[in-house]
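In: predicted model, plus sequence, below.
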Amino acid sequence: MPYSRKTVIQSLEEVGTLGKFQILLSIIWITSSTLSGYITFQFQSLSVAPPIHCRTTECLSVKQKLDSDEADQEIMCTLDRNDWQFQRGKENLYTEFSLYCDRMYIISAGTTIYFLGFLLAVSPISSFLDTFGRKMTTSFILLLYTVILFLHMYSSSIFQLMIGRFILGALHGGISISIHVIFFEVSSSSFATFMALMSGAAFSFGGGLAGLAAMQSSTWQTTMIPPMVACTLLGLVFHNIVPESPYWLFAQGCENEAIASLNKIASLNNSPYLDNIKLVTATELEPTHKEVTFIMLWKVKFLRTSLISLSFVWFTVAFCYYGLEFNAGTLGNEYVVMMIMGGFDTPFKIYMYLFANKRGRQLASQCYLGGALICMICTGFPIAQTIFIVGNINIKTLFVACGRALAGAVFALLYVYTAEILPTLVRSVGISVCSTVARVGSLISPLVILVNEINPLIIYISIIICLIMSMRLLRNIPETVGKPLPSTLQDCRKLFGVSKSHIDAKNLTNNLEV
């Protein structure tokens, strides 16, 4: 019986791109995103200053003269340690490592080091995914997560604590890239879009859980147990159930293994097995199409402009999202504010999915960034700080939470939007470039804590300027909803509506002509 020639994507459509396997993978993605959010904001939530009790009359007199927060800082920084004590039954990083007065910078440093680890891990993890495969790399990262969290529990010095944060940040970068890549390779475009937004909501939910865990736990070590258990279970499930990506196997020349992987997906989806097929590339089916390389990506003007514009938007939303998150301590009870911010994300991202699919990625992104801009402007009005809703939570807190949620929804959509703009061979590299730029925004966001002590308006003005510029730059990006993913330069030209004469043809070799 003759073999039928099919591409991997055609084969995937036969075995199912939205079935039980994709649902299982989506549960793994949501759980890992929740876990990443929990660990990202855990350091901040465990560095909140607990109330103090006075032991001497001198301490009591200071406490009576000043507001509670100012009094606590004054007492800790000026009086002898024997004059006061932290609230009993509440031990966290702040109390164990004395993160007050001249050591408060360690709180910002810990977060910066975490994102530095994330930033530096993007490139090597991408190489590991291409060299060792999606399955092996992801399983290893999840199990290594468990080991590092266990060792992190027994950190006895600031140096050990910072090393742990750096490695956890690197692992966070690894797991977010690896699961994102394999999910987009085996799922339908619409379902992948939905899950990208929901994973962002799960990340915020994890941050809220970190605040809740820190508020309820008596020791900071106990907050490490839930993520350890989750990482172990995820690693075992991923290694034993999830097959290797057929895209990666076929790219490595392992055609039989790729077909076996496709058949395992078919088995999980209760679809018919693939028999008598031969996998081929799209170029073999249509030899007139030429692929776009990474060097050509930077030579073609409209692709280069789009990548630069998208990179700045990535930077803006990361800086806005994390900058407002780390500003939580100035908005009231930090535990409560973190939980409020986590709760706001999910409804905004669900509506983003509906809006982006109906009205388009560009308009949805611009509207959400515009909403974030309005929220930031509203926080500058003095009346927003005088109207209280519950306890010491005021209207300003809600505006900040809304602005952060709107930026977070755009952040999640950008993964999809960027993938839909770039050609196949440079898609993962292009996303890595944008993600790296975004981590620069994440890296400087902890400086919000220090800059707020000088003038809080500096942060808000910076965010407003970046939001305005991003809204303008999004006009350089074409709409992609309802259009096929581009594989070649010809596909990109159709997507951007650019004729051959408008491409930098003079600077390209003749093999670019399609």
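Out: Happy to help now that I have it.
In: tell me how far residue 213 lies from residue 38.
Out: 8 Å (Cβ to Cβ, to the nearest Å). Just so you know, the C-beta spots here come from the backbone N, C-alpha and C atoms, and that holds for glycine as well.
In: repeat for residue 57
Out: Distance of residue 57 to residue 38, given as Cβ to Cβ: 43 Å.
In: look at the two and report which has more neighbours.
Out: residue 38 (25 against 9; other Cβ atoms under 10 Å).
In: show me the contacts for that one.
Out: Listed by Cβ atoms under 8 Å, 6 or more residues apart in numbering, the contact set of residue 38 reads 206-207, 209-210, 213, 226-227.
In: sec struct for the residue lying closest to it once chain neighbours are set aside, please.
Out: Excluding its sequence neighbours, the residue lying closest to residue 38 (Cβ to Cβ, 6 or more residues apart in numbering) is residue 206, at 3.9 Å. With DSSP: H, G, I helix; E, B strand; the rest coil as the basis, the three-state label of residue 206 is helix.
In: returning to that earlier point: which among the contacts of residue 38 count as buried?
Out: 206-207, 209-210, 213, 227 (16 or more other Cβ atoms under 10 Å).
In: need the max-distance pair from those residues.
Out: The span of the buried ones among the contacts of residue 38, defined through Cβ to Cβ, is set by 207 and 227 at 12.7 Å.
In: and stretch 184-196, how far from the chain's centre?
Out: 16 Å (Cα atoms, centre = their mean, to the nearest Å).
In: go on, stretch 136-152?
Out: When distances are taken as Cα atoms, centre = their mean, stretch 136-152 is centred 18 Å away from the chain's centroid.
In: return the set of buried residues in stretch 146-155.
Out: 146, 148-149, 152-153, 155.
In: so which of those is the closest to residue 426?
Out: residue 148 (32.4 Å).
In: I'd like the next helix or strand past the helix or strand hosting that closest one.
Out: In this assignment (DSSP states H and E), residue 148 forms part of helix 134-152. As assigned by DSSP H and E, the chain's next helix or strand after helix 134-152 is helix 158-186.
In: that following helix vs helix 134-152, what angle?
Out: Helix 158-186 runs at 160 degrees relative to helix 134-152, counting by axes from the mean of the first three to the mean of the last three Cα atoms, to 10 degrees.
In: against which helices or strands is helix 158-186 packed?
Out: Judged by 3 or more Cβ pairs under 8 Å, 6 or more residues apart in numbering; DSSP states H and E, the packing partners of helix 158-186 are helix 20-45, helix 105-132, helix 134-152, helix 189-216, helix 246-251, helix 424-444.
In: wait, which of the ones you listed is closest to residue 9?
Out: Closest among those, using Cβ to Cβ: helix 246-251, at 8.5 Å.
In: ends of stretch 269-279, how far apart?
Out: Using Cα to Cα, to the nearest Å, the end-to-end distance of stretch 269-279 comes to 20 Å.
In: run the chain-centre distance for it.
Out: Worked out by Cα atoms, centre = their mean, stretch 269-279 lies 35 Å from the chain centre.
In: so what touches that stretch?
Out: Taking Cβ under 8 Å, 6+ apart as the rule, stretch 269-279 contacts 1-8, 11, 14-16, 19-22, 250, 255, 258-259, 262-263, 265-267.
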